[in-house]
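Trainee: Sequence first, then the predicted structure:
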Amino acid sequence: MAQKILLINGPNLNLLGTREPQIYGSATLNDVVKQAKIQAAALSIQVEAFQSNHEGAIVDKIQAARGEVDAIIINPGAFTHTSVAIRDALLGVGIPFVEIHVSNVHAREQWRRHSYLSDKAQAVICGLGVFGYTAAIEFAAKHMKVNAGASKL
Ligand SMILES: O=C1C[C@@](O)(C(=O)O)C[C@@H](O)[C@@H]1O
């Protein structure tokens, strides 16, 4: 069975490309997803992309991923800083995940420095712009291969 990554984007990430472009750049979410699928396909990995502005919908998606995906890449948007529910869902399904932020959350408002996910993530990427998604896919691909018994990173 093809290995599978679930790529989750949280609230307002559907506005990528038009939202505060000085912070988030000009690439759209569609660009990001298209690029992620092309990159993953070259590695024989399937990417399922999901975006929602609703916390419960993200929790439902994570729960449904149990036993279905090998890794989750998640940009939780503002829920990063507020959501115990998303943290609990990720821990509940036990799927390894990478947390990604387009912007450098440590160079912005103080409250953006706290994440409910980072201490449980396999890796945290921030400040690389949308290239962070590319880095996350490459990392997840290698990490999944490690799980499948291939050589270490
Ligand atoms: O919506 C977002 C996007 C973000 O996750 C990022 O990708 O840089 C950073 C969050 O603080 C913010 O609420």
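Mentor: Structure received.
Trainee: hmm, who's touching stretch 9-27?
Mentor: 28-29, 31-32, 49-54, 58, 74-80, 102-103, 108, 129-130 (CB atoms under 8 Å, 6 or more residues apart in numbering). From N, CA and C alone the C-beta is placed, and that goes for glycine too.
Trainee: Now intersect the residues you listed with the helices, please.
Mentor: The helices, defined by DSSP state H, take in Leu29, Asp31, Val32, Ile58 from the contacts of stretch 9-27.
Trainee: what sits against the second one?
Mentor: Read it as Asp31. Gly17, Val130.
Trainee: Quick check: it vs Phe131, distance?
Mentor: Per CB to CB, to the nearest Å, Asp31 is found 12 Å from Phe131.
Trainee: and Thr18, how many neighbours does it have?
Mentor: Neighbour count for Thr18, taken as other CB atoms under 10 Å: 10.
Trainee: Narrow the contacts of stretch 9-27 to just the buried residues.
Mentor: 28-29, 32, 49-53, 58, 74-77, 79-80, 102-103, 129-130 (16 or more other CB atoms under 10 Å).
Trainee: out of everything not next to it in sequence, what's closest to the residue nearest the centre of the chain?
Mentor: In the chain, the residue lying closest to the centroid (CA atoms, centre = their mean) is Ile74, at 2.1 Å. Residue nearest to Ile74 in three dimensions, not counting chain neighbours: Ile8, with 4.4 Å by CB to CB, 6 or more residues apart in numbering.
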